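>>> Only the shape, not the letters, is given here:
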Ligand SMILES: Nc1nc2c(ncn2[C@@H]2O[C@@H]3COP(=O)(O)O[C@H]4[C@@H](O)[C@H](n5cnc6c(=O)[nH]c(N)nc65)O[C@@H]4COP(=O)(O)O[C@H]3[C@H]2O)c(=O)[nH]1
């Protein structure tokens, strides 16, 4: 090689066969050098004498010749390093040995690269002859090595410091594992090496199951994952998540890698979380239940409050506002009326004889009637008006904006509407209202004052014959006080024996004899004096005291009848006035019959006088009561006939034997042809129906004569006698009998 590098091929002499052989050898060597894949250089005195193509290429020269004469120091990073190489290499080279090194070299362009150097002195005994160096560019290899080294270091770092257990298995044993796995399972470093997995898998059965499950997955080249319980060296158990993969799916013998994570804490946290979640869900369920029951409670409470409010402000039967709500609305309406100087009226409405309905048909019918009346009242007034029920059969209408005229119109409408009968069950009922009207501000400026005024006016409407309305006047207040006084005084009148019966003779116009006497109640109060029945009877009726009083009248009259019978006062009969309230009392026929039986008086000596209104109100029930009274042999007459509205057809059905022509027709007979015509018609009608007639209030001879002419059967009045005390009547009867 030294020859070759020392003598270029083109300069060799070609003289002999020997020289030919040498030249061939040289060419072979030249070819060898040129085709060598490493760089070769001959250096003498630290200067390049000759190099091959690869050497030039490595250092970045185009031709090997370009390098000839260049100091070899140029091929090293620094002079220092160059010298240092010389110092290092010399001991080896001088011994005739090959020196090998790997070091950084410098290319022509200054770039450094790793080169593998192999050098040898041509003559170890004489360094001046130079040296031969072979250089290989291992820069790429060095870089790969460095990368590989880095990667291995990184992997090792990961392996050593991973917070997860990593183990390599081969042939059923751990071949390698990281410190974390050792710590996790409580083993000392290296202790797990070559250990059997059954040492940390709690049972052989669990290990077999794990193997069985993992096998097919692993053999398919897939990753096997499972949660397994592992046993630490001290026997405690860990919950682990295990991931496993074969290093080479096609070669089981390569073994597998296991990545094991201690998930005990995670599991506990999960369990805790699940527990908390369950508790939370339970709490949510309970809270939802609580809430829904609270909502239900609230709903109930709201309903209760609404109900309480409703009960406090509305009449439960009719659903109309009650006194409280009426008072509230009145206060508002009064304020508006005052501020705007607009009118306001209050109507107090009381149903005439409503008590009869309750007494005779029962409360159920009475209640149903009140409901219907409430509806009808409501339908008549305007939306902004209030119809309130105060209780019983009392209603109050608050009419904002209504003056006297308007209130009168409303009252008239109510009256008109009351003529339409109410159908309650199988009863056809007609009930009339008595109404009192009070106006703001003249009759009162507050709710109480206004309703009281309307109440007083209503009372007067009742006194004035019912089924009508009256406006309040200041004089009325005094009168109503009297009504209260009377009501109070009446309560004690019976027990204090303040009542008396007077008897007014009824004279037969055909014979001129006294046939009977009408018993008329008299009340003398020590302070109030004598009070007219026309005044106190309505009070007694309204307060319900009429029943007791009526029974006393009946008993007293029958007792008197008995005495007169015993005293031989002819076949005198007694007529007793019956209040509508008494008439509607279901026990009336039995009560009368009992009184008669107890006294031993024949029923045909007693006559009961009914008012026309009694029959008109509820003809069907009236007929039934009359029939029952008749079946007891008691005779009935119709008082004040002509003032009511009884029709001919009704009269026909009633078991009435006598009509008493009201004194209002008799009074003006002398000069009122209409009254004459009416009286005459009544007499004829009665005759046609087979009834007798008695004319009331006959005061003059002329009246008497007219009645006689018309064929009236009986007459009664001051013309014959005023009502008399029993003793006086006896006296009158005897003297009248003697003179006629
Ligand atoms: N101007 C005038 N009046 C005459 C004449 N003749 C009789 N009278 C009066 O006319 C009334 C007739 O009785 P009535 O129409 O049943 O009217 C009675 C009757 O409806 C009622 N009443 C009287 N007593 C009773 C009773 O015991 N029970 C009931 N429920 N009502 C009675 O009181 C009303 C008034 O009774 P009284 O004041 O006694 O008044 C009586 C009587 O005194 C006359 O010629 N001229």
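In hand now; what should we look at? Worth saying up front: this structure is predicted, and the values here are computed from it rather than measured.

>>> Dihedrals phi and psi, the residue positioned nearest the centre of the chain?
In the chain, the centroid-proximal residue (C-alpha atoms, centre = their mean) is residue 299; its distance is 5.1 Å. Backbone torsions for residue 299, taken as degrees, to the nearest 10, come to phi -60, psi -50.

>>> from here on, count from 41
Sure thing, new numbering starts at 41, so read that last one as residue 339.

>>> Distance check, the closest residue to residue 368 other than its chain neighbours against the ligand.
The shortest distance from residue 368 to any non-neighbouring residue, by C-beta to C-beta, 6 or more residues apart in numbering, is to residue 353 (7.8 Å). C-beta: built from backbone N, CA, C; applies to glycine. Distance from residue 353 to the ligand, counting by C-beta to the nearest ligand atom, to the nearest Å: 40 Å.

>>> Same check on residue 719?
Taking C-beta to the nearest ligand atom, one finds residue 719 at 15 Å from the ligand.

>>> Mind checking what helix or strand follows the one helix or strand that residue maps to in sequence?
Per DSSP states H and E, residue 719 falls inside helix 713-728. The helix or strand immediately downstream of helix 713-728 is strand 732-735, counting by DSSP H and E.

>>> Does the ligand have contacts with the next helix or strand after that next one?
Sequence-wise, the next helix or strand downstream of strand 732-735 (DSSP H and E) is helix 741-750. No - Helix 741-750 is not in contact with the ligand by C-beta under 6 Å from any ligand atom; minimum separation 9.0 Å.

>>> Neighbouring strands - and their directions - for the helix or strand just after helix 741-750?
Later in the chain than helix 741-750, the nearest helix or strand by DSSP H and E is strand 754-755. Applying DSSP bridges, strand 754-755 is found paired with strand 539-548 (antiparallel), strand 732-735 (parallel).

>>> Need the ones you listed in a markdown table (columns: mean pLDDT).
Converted to a markdown table, those look like this (pLDDT from 0 to 100):
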| stretch | mean pLDDT |
| --- | --- |
| strand 539-548 | 97 |
| strand 732-735 | 96 |
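
>>> highest average neighbour count across the ones you listed?
strand 732-735 (a mean of 26; mean count of other C-beta atoms under 10 Å).

>>> That strand: how far from the chain's middle?
Distance, stretch centre to chain centre, for strand 732-735: 71 Å (C-alpha atoms, centre = their mean, to the nearest Å).

>>> Check the stretch 141-290 of the chain for the residue nearest the ligand and tell me.
In the stretch 141-290 of the chain, the residue found nearest to the ligand is residue 279; the distance is 104.7 Å by C-beta to the nearest ligand atom.

>>> what's the pLDDT at residue 318?
Looking at residue 318, its pLDDT reads 84.

>>> how does this protein divide into domains?
With domains defined by the TED database, the chain comprises 68-186, 193-307, 360-512, 531-779.

>>> hmm, back to that, and the contacts of the helix holding residue 719?
Contacts with helix 713-728, where a contact means C-beta atoms under 8 Å, 6 or more residues apart in numbering, come from 681-682, 688, 691, 698-699, 701, 705-709, 732-733, 735, 746-747, 750-752.

>>> For the residue nearest to residue 368, which residues are in contact?
361-362, 364-365, 368.

>>> ditto for residue 377
383-384, 440, 480-481.

>>> and the stretch 591-740 of the chain, which residues reach the ligand?
Applying C-beta under 6 Å from any ligand atom, one finds that the stretch 591-740 of the chain approaches the ligand through 593, 617-619, 649, 679-680, 703, 736-739.

>>> Quick check: of those, which lies closest to residue 762?
residue 739 (10.4 Å; C-beta to C-beta).

>>> where do the strands sit along the stretch 391-540 of the chain?
426-431, 434-440, 462-464, 467-469, 473-480, 509-511, 539-548 (DSSP state E, counting those that start in this stretch).

>>> Now the ones you listed in TSV, please, with extra columns for distance to residue 636.
TSV is the format used below for the strands of the stretch 391-540 of the chain (distance: least, C-beta to C-beta, whole Å):
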stretch	distance to residue 636
strand 426-431	39
strand 434-440	38
strand 462-464	34
strand 467-469	30
strand 473-480	35
strand 509-511	41
strand 539-548	17
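
>>> Which among those is found nearest to the ligand?
Of all those, strand 539-548 sits nearest to the ligand, with 5.5 Å by C-beta to the nearest ligand atom.

>>> Tell me which residues are up against that closest one.
533, 553-564, 589, 592-593, 596-597, 600, 614-615, 734, 753-756, 760-766, 769, 772-773, 776.

>>> just checking, what's the longest strand in the protein?
Using DSSP state E to assign secondary structure, the strand with the most residues in the chain is strand 554-565.

>>> Direction included, what does it pair against?
strand 539-548 (antiparallel), strand 569-571 (antiparallel), strand 613-617 (parallel).

>>> For residue 288, which of these is the nearest?
With respect to residue 288, and counting by C-beta to C-beta, the nearest of the strands paired with strand 554-565 is strand 613-617 at 131.4 Å.

>>> ok so, going back, okay, the strands paired with strand 754-755 in TSV with distance to residue 435 next?
Shown next, in TSV, are the strands paired with strand 754-755 (distance: least, C-beta to C-beta, whole Å):
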stretch	distance to residue 435
strand 539-548	34
strand 732-735	39
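
>>> Starting from the ligand, give me the distance back to the residue nearest to residue 640 when sequence neighbours are not counted.
Leaving aside its sequence neighbours, residue 640 sits nearest to residue 602 (C-beta to C-beta, 6+ apart; 6.9 Å). Plainly put, residue 602 is 18 Å away from the ligand if you go by C-beta to the nearest ligand atom.

>>> Going by secondary structure, residue 602 is in what exactly?
Per DSSP H and E: helix 586-606 holds residue 602.

>>> Just name whatever secondary elements the helix or strand harbouring residue 647 is in contact with.
Residue 647 belongs to strand 646-651 when assigned by DSSP H and E. Counting contacts by 3 or more C-beta pairs under 8 Å, 6 or more residues apart in numbering; DSSP states H and E, strand 646-651 packs against helix 586-606, strand 613-617, helix 620-623, helix 628-639, strand 675-681.

>>> try 7 Å
When contacts are defined as 3 or more C-beta pairs under 7 Å, 6 or more residues apart in numbering; DSSP states H and E, strand 646-651 packs onto strand 613-617, strand 675-681.

>>> quick one on the thing from earlier: out of the contacts of residue 353, who's the most crowded?
residue 361 (21 neighbours; other C-beta atoms under 10 Å).

>>> Test my guess that that one contacts residue 418.
No - judged on C-beta atoms under 7 Å, residue 361 makes no contact with residue 418 at a distance of 10.4 Å.

>>> what's the most buried one of the strands of the stretch 391-540 of the chain?
Highest mean neighbour count among the strands of the stretch 391-540 of the chain (mean count of other C-beta under 10 Å): strand 473-480, a mean of 27.

>>> Report the inter-axis angle for that one versus strand 434-440.
Put simply, strand 473-480 runs at 40 degrees to strand 434-440, going by axes from the mean of the first three to the mean of the last three C-alpha atoms, to 10 degrees.

>>> counting contacts, what elements does strand 473-480 pack onto?
So strand 473-480, by 3+ C-beta pairs under 7 Å, 6+ apart, packs with strand 384-391, helix 444-458, helix 487-503, strand 509-511.

>>> re earlier: out of the contacts of residue 353, who's nearest residue 170?
Relative to residue 170, and with distances defined as C-beta to C-beta, the nearest of the contacts of residue 353 is residue 368, at 133.6 Å.

>>> By neighbour count, which bits of the helix or strand harbouring the closest one are buried? Give me those.
Here residue 368, judged by DSSP H and E, is contained in helix 363-380. Residues of helix 363-380 classed as buried: 363, 365-367, 369-370, 373-374, 377 (neighbour count, 16 or more other C-beta atoms under 10 Å).

>>> Same list as before, the residues you listed that is, but in TSV and with distance to residue 397 included.
Listed next are the buried residues of helix 363-380 as TSV, based on distance: C-beta to C-beta, whole Å:
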residue	distance to residue 397
363	23
365	26
366	24
367	28
369	29
370	29
373	32
374	34
377	36
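
>>> from these, which single one is nearest residue 321?
Using C-beta to C-beta, the buried residues of helix 363-380 come closest to residue 321 at residue 365, 49.7 Å.
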